[in-house]
Structures are given as structure tokens and as C-alpha cells.
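Asks: Give me coordinates for this.
(2 chains)
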Number of protein chains: 2
Amino acid sequence: MISEIADIDITAGSEEAFEAAVTKALPLFAAARGCLGLDLQRGIERDNRYTLIVRWETLEDHTVHFRNSPAFTQWRGLVGAYFAGTPKLQHVRRVVTSGEA
Amino acid sequence: MISEIADIDITAGSEEAFEAAVTKALPLFAAARGCLGLDLQRGIERDNRYTLIVRWETLEDHTVHFRNSPAFTQWRGLVGAYFAGTPKLQHVRRVVTSGEA
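Replies: This is a model prediction of the structure:
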């Protein structure tokens, strides 16, 4: 398993609409090859800053299969209008863990 | 529950030592008031970039109780020497979730 971590700044005032759009997009991820789940985390210090964490079986499930699928276009169609800039994205793999998820 | 998300750049070449130090520090977090668990995630695009996610019952469990405890000094004593710069830290709360953790 790897995770995609995206820092996403949202236009101030559209936070609720953005969260609703992510919720609406959940079936796209649930149906995507190798997608294991996601968390949308909202900033406490800056409440229009979000961190989206999507868990994938492999890097390619995100970077190749999802990005080249119609689901990616639908995802961006749902949420892209709320982005205040280009999301900053990285992929990570878990190397140490403890406690509850 | 809230999470602390820290982006930590590590001096290249000391990644294994840093990961071992985080593992050694796990009992400090396990014993900390309100600490629910943590994940250390290693960058795929940049392998000396880490994302540390620590889950706490409340914001104050991290910002007040942990930071003012001897455990924080011990934690920094274990890992601080490997930092290539000041970690970039934010706190978040989960607003949407699906699938596996």
C-alpha cells in the first residue's frame, strides 16, 4: 500500500461545497482499481487548507490507472472549481506505525 | 480526534537512523496523554522527505500537554539531529472518510 497526500487550498467560503463534492465523489474512488480508501482532513490553523490522503495498492493504481480514467475527469469536474491553486501532491509509503488508525 | 501532520526533511544518508529513532520513540507517544497512534510515512518522489502523522484526542494533548512534557524533550533528543530543517507542522481534523485506514 502507498498513499497519495495532496495539500489543497480551497477558495475561502467554498469549504462546505468542496466537502460535499468530495463526499459525492466517494463512489468514484470506491470503484477505482486498487483504491483502498481516503480521508479528507481539514486544517485547524487554516480552515480553507485541506489534506487529502488516498490509499492505493500500488503507485501505478493512482498515477497511471486512475489518472487516465474517466473517473479522474469526473473527480476534477466535481472539485476543481473550488481549488484556490494547484494542489501540492506527493506519494508516501508507511515505514513506522503504532496505535489506532 | 485530531491529527498532527509534520513534513520533515531528513539529512540525506541518515534515513535509516531516523526511522530507527522514531521506532525507539514509540513508547513516549504510547504513554502520552491522549495520544492514539502515529504513522511515519516516507516520500516516494523524495526519499529523505517524511510525513509524520500523530493522532491525538484533542489539540491540547499535543500542543500543551505533550510539548510541555519531558517526553517531548526526549523525542527531540532522539530525532532532532537528523532534521535537515525545521519541520512544517499543521493540525487537521477528519471531515470525510471512506474505506480502510
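
Asks: And for residue A:38, the neighbour number?
Replies: Using other C-beta atoms under 10 Å in any protein chain shown, residue A:38 has 22 other residues around it. In this view, the C-beta of every residue, glycine as well, is placed from N, C-alpha and C.

Asks: For it, give me its contacts.
Replies: A:26, A:29, A:52-55, B:96-99 (C-beta atoms under 8 Å, 6 or more residues apart in numbering or on different chains).

Asks: Tell me which helix or strand residue A:19 sits in.
Replies: Per DSSP states H and E, residue A:19 falls inside helix A:15-30.

Asks: Any chance you could give me that helix in PDB, C-alpha atoms only?
Replies: The C-alpha atoms that make up helix A:15-30 are tabulated as PDB, following Å, rounded to 0.1, in the frame of the first residue of the first chain:
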ATOM      1  CA  GLU A  15     -15.400  24.900   2.100                       C
ATOM      2  CA  GLU A  16     -18.800  23.300   2.600                       C
ATOM      3  CA  ALA A  17     -19.400  22.900  -1.100                       C
ATOM      4  CA  PHE A  18     -16.000  21.400  -1.500                       C
ATOM      5  CA  GLU A  19     -16.600  18.900   1.300                       C
ATOM      6  CA  ALA A  20     -20.000  18.000  -0.200                       C
ATOM      7  CA  ALA A  21     -18.300  17.500  -3.600                       C
ATOM      8  CA  VAL A  22     -15.700  15.100  -2.100                       C
ATOM      9  CA  THR A  23     -18.500  13.200  -0.500                       C
ATOM     10  CA  LYS A  24     -20.200  13.000  -3.800                       C
ATOM     11  CA  ALA A  25     -17.000  11.700  -5.400                       C
ATOM     12  CA  LEU A  26     -16.500   8.800  -3.000                       C
ATOM     13  CA  PRO A  27     -18.100   6.200  -5.300                       C
ATOM     14  CA  LEU A  28     -15.500   7.100  -8.000                       C
ATOM     15  CA  PHE A  29     -12.700   6.200  -5.600                       C
ATOM     16  CA  ALA A  30     -14.600   3.100  -4.200                       C
END
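
Asks: Show me what it is packed up against.
Replies: strand A:35-43, strand A:49-56, helix A:70-79, strand B:88-99 (3 or more C-beta pairs under 8 Å, 6 or more residues apart in numbering or on different chains; DSSP states H and E).

Asks: run the last query once more with 7 Å
Replies: Contact here means 3 or more C-beta pairs under 7 Å, 6 or more residues apart in numbering or on different chains; DSSP states H and E; on that basis helix A:15-30 packs against strand A:35-43, helix A:70-79, strand B:88-99.

Asks: ok, residues contacting that helix?
Replies: A:10, A:35, A:38, A:40, A:47-48, A:54, A:71, A:74-75, A:78-79, A:82, B:95-96, B:98-99 (C-beta atoms under 7 Å, 6 or more residues apart in numbering or on different chains).

Asks: Would you mind listing which of the residues you listed are buried?
Replies: Among the contacts of helix A:15-30, the ones that count as buried by 16 or more other C-beta atoms under 10 Å in any protein chain shown are A:10, A:35, A:38, A:40, A:48, A:54, A:71, A:75, A:78-79, A:82, B:95-96, B:98.
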